[in-house]
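> Sequence plus predicted model, see below.
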Amino acid sequence: ARTAHSSSTMYGGYDGSASQFAGQGGFLPTPAGGATAGADGAAGGARGQGRAESLVPLTVKQLETSVNASGVDDAFKVNGEEVHNLTLLGKVVKENVSATTQEYVIDDGTGTVNVKRWVDAEDEAAKGAVAVGQYVRVYGHVRVFQGVRSVIAFNLRPVTDFNEITYHFLEVVYCNAHNGARAAAAPAAAAP
């Protein structure tokens, strides 16, 4: 059976999986026991153990309504699953670029979020890569500063194939349904 990440050439050469970030094959289960092996008990771990490095597709609304997992600023839960690394896709509506940071306000149609990316002063490729009005894909993690949630990006790239926008939202729906079903089944599995 094919998964959402089985295509070898997805949008702009990016395959949609988290393998380039975590080396675990993406967010959903893989035949080799990828990112969710610990969560399913296949690796003998506790629920969620293998997910700390998984990449979760989210919308800004999901990010805003996520629950603080354990009082730690960078651990949030969406549908009962901890989210550390995430991917968002939206339109840049505001930018503020300095010598060491690039700050953007991203709107994905469900809300807006502040995104900050730290850059080296010598990194010429990062300068001018994104402009207001352009769609971008953001890879990063959530941070809370003075009560405001924002995303610290470790990668931000322009969208060149607009099918990627539809693909992102379909992936969000699929992963949300998958995790919702797992969260609903978890209490039933724990009952004697």
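Structure received. Residues are numbered from 1 along each chain as shown.

> The helix or strand hosting A153 pairs with which strands, parallel or anti?
Element membership of A153, judged by DSSP states H and E, is strand 148-158. When pairing is defined by DSSP bridges, strand 148-158 lines up against strand 112-118 (parallel), strand 135-145 (antiparallel).

> how about those strands, which one is nearest A185?
Nearest of those to A185, taken as Cβ to Cβ: strand 135-145 at 26.0 Å. In short, each C-beta sits where N, CA and C put it, glycine included.

> Which positions in the closest one come out as buried?
Using 16 or more other Cβ atoms under 10 Å as the test for burial, strand 135-145 gives 135-142.

> Let me know the closest of those to V97.
Of these, the one sitting nearest to V97 (Cβ to Cβ) turns out to be V136, at 13.7 Å.

> wait, doesn't that closest one sit right on V151?
No. Assessed by Cβ atoms under 8 Å, V136 is found out of contact with V151, at 11.4 Å.

> Tell me the residues that contact both of the two, please.
I106 (Cβ atoms under 8 Å, 6 or more residues apart in numbering).

> what stretches of this structure score poorly on pLDDT?
1-53, 69-74, 124-126, 186-192 (pLDDT under 70).

> Mind putting the strands paired with strand 148-158 into TSV with distance to N85?
What follows is the strands paired with strand 148-158, written out as TSV (distance: least, Cβ to Cβ, whole Å):
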stretch	distance to N85
strand 112-118	14
strand 135-145	5
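
> Of those, which is nearest V78?
Among the strands paired with strand 148-158, strand 135-145 sits nearest to V78 (Cβ to Cβ), with 10.3 Å.

> Which residues does the closest one contact?
With contacts defined as Cβ under 8 Å, 6+ apart, strand 135-145 is touched by 21, 55, 63, 66, 73-74, 76, 83-92, 104, 106, 115, 117, 130, 149-159, 162, 164-165, 168.

> cool, stretch 110-123 as well?
Taking Cβ under 8 Å, 6+ apart as the rule, stretch 110-123 contacts 59-64, 88, 90, 93, 99-106, 126-127, 138, 140, 148-154, 156.

> From those, keep the buried residues only.
Buried residues within these, defined by neighbour count using 16+ other Cβ under 10 Å: 59-60, 62-63, 88, 90, 102, 104-106, 138, 140, 149-153, 156.

> Which neighbouring elements make contact with the biggest helix by length in the chain?
Determined from DSSP state H, the single longest helix within the chain is helix 163-190. When contacts are defined as 3 or more Cβ pairs under 8 Å, 6 or more residues apart in numbering; DSSP states H and E, helix 163-190 packs onto strand 55-57, strand 81-83, strand 85-97, strand 135-145.
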